[in-house]
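K.L.:
Can you look at this prediction? I've put the sequence above it.
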Amino acid sequence: MNKSKVCGLSLYVLMAVYSGVVFAEGSADTLPTVTIQDSNKTGHLERRTRTQGDSLKALDEEPSVQMQTGGGISSLPVMHGVSSDRVNVKVDGVGVTASCPNHMNPALSYISSFQVEAITAIPGITPVSLGGDSLGGSILVNTQHPGFTSGESRYSGQFSSIYGSNEDYLNLSAHVGFADLSNSVGYYGTDEKARDYKNGKSDIVKRTAYEQNNHSLVYARKLADGTLSFRVGRTAVPKQGFVNQYMDMLENTAMKYNVKYRGLLGTLKSDVSLSHQNVDHYMDKLRDYSSGQMPMYTDSKETNLLAKSHLISSQTSDTSAGVEVNFYSLNDWWTPVSGMGGMSPNNFVNINDGHRDRYAFFVENETQWNSSYSTNIGARVDVVSMDTGRVQGYNNTSNAPADEAYFNSLERNKTDVNYDMTWLNAYQISESQKIVLGLGRKSRSPNLYERYTWAGLQSTLATSNPVRMDMRMINWFGDGNGYVGNINLRPEVSHILSASYFYQSAQGAHIEITPYYSEIQDYIDADLKYISTTGSDTGVRYLQFANHDAIIFGTEASVSWDFLQTESYGAFNIKALTSFTRGYRKDGVSDLYNQMPWNGKLILNQETSKWKNRAEVHMVAAKEDVSGIRNEHKTGAYATADLGTEYKWGTAFTTSLQVLNVFDTQYDLPLGGKDILNGKSPVAGKGRSFVVGLNYDL
């Protein structure tokens, strides 16, 4: 039997077992979620050693979350078949917009795994109080803070280092803090860097190196009626390669400020937060692999206000309401290159003073009707106002003067009025069994790049090389194609139906099964404009964003069993999890892009007071359902294995060792896109790596 068939058979055996991650229940006991807490407080091996690079990896045991390949710290989350802007991602209650035509700086790229207190994944239907302007589930990140003491003041500190052999990854992190009855202050810092990684053949996967410096200060004050906190953070990324993009990130600096109050406003229990972030972003080609130049600059400013109050509360019911205001501005321009006629003498203005402002109001009720039935019902309105100024190309001859004139003649101000509605019903069948049924209507307006990028609107693409180059710069999909905006895009509207079954026994068994179905009206996909037949550009697709109705459905399942507890060898736990997603356009033209095939994991954990040991097998079926309109690659089935051990020395030191991809398996990433540098083949996964960690707690 060949390797592909073995992997496929193993996967279907895993699915037959079903599977489930232990869930932490949401408010009113209606919402299934998965919460991963900081490793120093709870958790297994991978939490204590923290994740290498991307903080999204902390959700590697949540079957509803996958990662679309980006840079080493900039993967885009995928939930229930949708990704990027369609997933609601919030850090300390605040969303962050990706300010880049390749989405190289998504929300989770601004926080290192060392700073994470807890990550909560909410698959599918998100309560309206937790966010709008998105279609998929939610990823909610809470950052660490020193907290307060109940008695004497205390100092805290933690120092951590991680080394990974595959790409010479090195992470140095530190935290110091002080807390007393009413005050707490803390510093959190991480510096990390990595070279290009190697695949299972020991070949270097070029343009995957990265470096990040992430530092923040937080101060909190306990008041008579609540808690007030201030946080300031700076994230700098001097370099990050993107194997599936034509460009790389050579600088990204962000300053973020956040003020948050939780407590009483008058007689109302309330949460209020105000945040602001500035981003300076620069892309070009890494000189290691290219002699060409294409400098691209982006700067953005984003201010967010969120206020929520509990209006009517009782022992069985809680009604809350809130407002959210988001002001986002963006400038995106590409400076000329001396000696390049098609790329001079002007700045190419991609987005000129773009604005995307959002005003939202929501109301939500959570009621425990009786001992076995509870609901979460909510409604939300988001008014999205967008506009942008006039644009220009590099010149008035070869660089799309017709596109420029056409775009500048259009009425560019757009306002969308979107509304969301959710209805979650939880039925406690017995002490050990529960069912959650959900209905939802979710909506999302286009982002600035989907609506306002303009190069290619009117051009005859077959004879305009600079325009084809300009279009290839608009791409956060990693598919090697080029895109142009559509000012007449309508908001996406998703109607979602989901059902979850939970079982939790007194003997330590946990089971979760969740099928879901969503029908999306005006899904923003793309229409084909041109397929290039020119030189190295042959086969590249040039597309325009366009609305098309779509359907996405799937199933997630997981099981966890604490099957053995011994005095000599400690506790043993086995987990199995799997997921399947299928998405396609209703017109039958194409499957949706970047849908994860059947996949699953088997995980064995063993733990004593000092030791934690872990073995894991990750299996992925062949990817056959692909987007024909984008010429998406199919990928083969594969399986990888990881091993890890961790030992705690006394109360302060912890050491760990992991072997990732033990058998050095060569495989292609199903959500990796195309390797632009190496013949536009699928992006290869990482080969074997030895990861050593050291952690010291004061």
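P.N.:
Sure, I can see it.
K.L.:
Helix, strand or coil: sort out Y406 for me.
P.N.:
Taken by DSSP: H, G, I helix; E, B strand; the rest coil, the conformation at Y406 corresponds to helix.
K.L.:
where along this protein do the helices fall?
P.N.:
Along the chain, counting by DSSP state H, helices occupy 3-17, 45-48, 401-408, 448-452, 465-472.
K.L.:
For I204, which non-adjacent residue is spatially closest?
P.N.:
Spatial nearest neighbour of I204, chain neighbours left out: D196 (4.9 Å); criterion: C-beta to C-beta, 6 or more residues apart in numbering. Using the backbone N, CA and C atoms, a C-beta is placed for each residue, glycine as well.
K.L.:
right, and that neighbour touches E167 too?
P.N.:
Yes - contact criterion C-beta atoms under 8 Å: D196 and E167 qualify, at 6.3 Å.
K.L.:
Tell me what M283 is bridged to.
P.N.:
M249, M296 (DSSP bridges).
K.L.:
Could you report the neighbour count for the residue nearest to I204?
P.N.:
19 (other C-beta atoms under 10 Å).
K.L.:
What of I122?
P.N.:
Number of residues near I122 (other C-beta under 10 Å) recorded here: 23.
K.L.:
can you pull the contacts of the closest residue to it other than its chain neighbours?
P.N.:
Of all residues not flanking I122 in the chain, S138 sits nearest, at 4.3 Å (C-beta to C-beta, 6+ apart). By C-beta atoms under 8 Å, 6 or more residues apart in numbering, the contact set of S138 is 87-90, 120-122, 126, 130-131.
K.L.:
Where does the prediction get shaky in the stretch 501-650 of the chain?
P.N.:
For the stretch 501-650 of the chain, no stretch is flagged by pLDDT under 70.
K.L.:
All the strands of it, residue numbers only.
P.N.:
Taking DSSP state E, counting those that start in this stretch as the criterion, the stretch 501-650 of the chain carries its strands at 509-531, 541-566, 570-585, 599-607, 611-620, 638-649.
K.L.:
To S112, which of these lies closest?
P.N.:
For S112, the closest of the strands of the stretch 501-650 of the chain is strand 638-649, at 20.0 Å, according to C-beta to C-beta.
K.L.:
I'd like to know which elements the closest one is packed against.
P.N.:
With contacts taken as 3 or more C-beta pairs under 8 Å, 6 or more residues apart in numbering; DSSP states H and E, strand 638-649 sits against helix 3-17, helix 45-48, strand 611-620, strand 653-660.
K.L.:
what about it, distance to the chain center?
P.N.:
Distance of strand 638-649 from its chain centroid, counting by C-alpha atoms, centre = their mean, to the nearest Å, is 24 Å.
K.L.:
can you check stretch 81-99 too?
P.N.:
Taking mean C-alpha positions (C-alpha atoms, centre = their mean), stretch 81-99 and its chain are 7 Å apart.
K.L.:
go on, stretch 209-223?
P.N.:
So, by C-alpha atoms, centre = their mean, the centroid of stretch 209-223 is 19 Å from its chain's centroid.
K.L.:
now do stretch 177-188
P.N.:
30 Å.
K.L.:
pLDDT (mean, whole number) over that stretch?
P.N.:
What stretch 177-188 shows for mean pLDDT is 95.
K.L.:
Over to stretch 405-412?
P.N.:
Mean per-residue pLDDT for stretch 405-412: 98.
K.L.:
which other residues reach that stretch?
P.N.:
Contacts to stretch 405-412, defined as C-beta under 8 Å, 6+ apart, come from residues 387-388, 390-391, 452, 454, 457-458, 487.
K.L.:
Pull the most distant pair out of those.
P.N.:
Farthest pair in the contacts of stretch 405-412, by C-beta to C-beta: D387 and Q458, 21.3 Å.
K.L.:
which non-adjacent residue is nearest D387?
P.N.:
Closest residue to D387 apart from its sequence neighbours, by C-beta to C-beta, 6+ apart: N413 at 4.5 Å.
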